[in-house]
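Colleague: Turn this into a structure:
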Amino acid sequence: MYTVRAIIQLTRVDSSVMGFLCLFIPVYARTGDVGLSLGRAIPLLFICMCTFIANDLDDFERDRINHPERPLPGHRLSPTVAAVLYFICLALALFLTRRFVDQRMAFWYYALVTVSISYGYVVECLPSIKAPYVAAAISVPVFIVAASYPDEKRLYLVAVAGFLFGLGRELCMDIDDRAADVVSLLHRIRPTPIAIAAFIAQTVGLALLLVQVRRPLDIIAGVFMALVLILSGISWFSLKNHKAARRLMKLQILVGVYFLV
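Modeller: Residues are numbered from 1 along each chain as shown. As a prediction, this is how the structure comes out:
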């Protein structure tokens, strides 16, 4: 059971399932076909898991300082086991994409795999673009939905909003990880202005969603996201509880999936 918990943490099951739902929910809402929706979304689950494993393997030394509680630096899993899990998830991601995804859309899945496994090179060689790079990867599932339904132009606005939410959260994570991260241009800027820019990005993302309000439930979802944004801002700036703020940001992204329906 101890090892199972470590694997769950390594693969970030909560975030991986969120990526899965970003595709499953909107496809099912439009088709009502569970099999089709699972076929399109299940590769994304393993792509996300593969990504998180690769990131932890790449960040092993940095995580000794920034995140010593994670499975690898905490010695709850060995790098060998993590590498085996990585190749299993990668193989499943590629096989399931080939088996269930229309070849006209498969490019996006393969592109996400490429972007994800190239993360280590960005961190080491191009650290200044790390935040937008990760945010772009986070928003790819939404772009897959938008590309699947090209007549629904509003979905591209949702994709941009997803990018901005991801960018804001990643900038805040980079602030907390400065101690061990490769020095970049952002290190020349004090943390507070970066955090302010992060919350501005998320506010713009929320505005892009609110301009699409059409139904009463849209208003409820928008108001809830606004409250979560305010609470995360209070947690970050007033309470100095950065961990709680980042968790609230994740909740905000999850609720934002509603606007894909």
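Colleague: what residue ranges in this protein are flagged as low confidence?
Modeller: Where the chain drops to pLDDT under 70, the residues are 1-2.
Colleague: give the contact list for the residue located most distally from the centre of it.
Modeller: Centroid-distance maximum for the chain: residue 216 at 27.6 Å, with C-alpha atoms, centre = their mean. By C-beta atoms under 8 Å, 6 or more residues apart in numbering, the contact list for residue 216 is empty. The way it works is simple: take the backbone N, C-alpha and C, and place the C-beta from them, glycine included.
Colleague: Kindly report the same for residue 144.
Modeller: Counting by C-beta under 8 Å, 6+ apart, residue 144 makes contact with 23, 40, 44, 105, 108, 109.
Colleague: Of those, which pair is most distant in space?
Modeller: Comparing every pair within these by C-beta to C-beta identifies 44 and 105 as the most remote, at 11.5 Å.
Colleague: neighbour count winner among those two?
Modeller: Neighbour totals were compared for residue 44 and residue 105, and residue 44 leads with 26 against 13 (other C-beta atoms under 10 Å).
Colleague: and which of the contacts of residue 144 is nearest residue 72?
Modeller: Nearest to residue 72 out of the contacts of residue 144 is residue 44 (C-beta to C-beta; 23.7 Å).
Colleague: do you know how far the residue nearest to residue 9 when sequence neighbours are not counted is from residue 120?
Modeller: For residue 9, ignoring the flanking residues on the chain, the nearest one in space by C-beta to C-beta, 6 or more residues apart in numbering is residue 71 at 5.5 Å. According to C-beta to C-beta, to the nearest Å, residue 71 stands 18 Å off from residue 120.
Colleague: quick one: which of these two has more around it?
Modeller: For residue 71 and residue 120, the more surrounded residue by other C-beta under 10 Å is residue 71, and the numbers stand at 23 against 13.
Colleague: ok, the more buried one touching residue 8?
Modeller: No - Residue 71 is not in contact with residue 8 according to C-beta atoms under 8 Å; the separation is 9.2 Å.
Colleague: Output the contacting helices and strands for the helix of greatest length in the chain.
Modeller: For the chain, the helix with the greatest residue count under DSSP state H is helix 34-58. Helices and strands touching helix 34-58, as assessed by 3 or more C-beta pairs under 8 Å, 6 or more residues apart in numbering; DSSP states H and E, comprise helix 2-10, helix 13-31, helix 79-100, helix 103-117, helix 119-125, helix 130-148.
Colleague: which parts of it are buried?
Modeller: 37-58 (16 or more other C-beta atoms under 10 Å).
Colleague: That one to helix 130-148, inter-axis angle?
Modeller: For helix 34-58 against helix 130-148, the angle by axes from the mean of the first three to the mean of the last three C-alpha atoms, to 10 degrees is 170 degrees.
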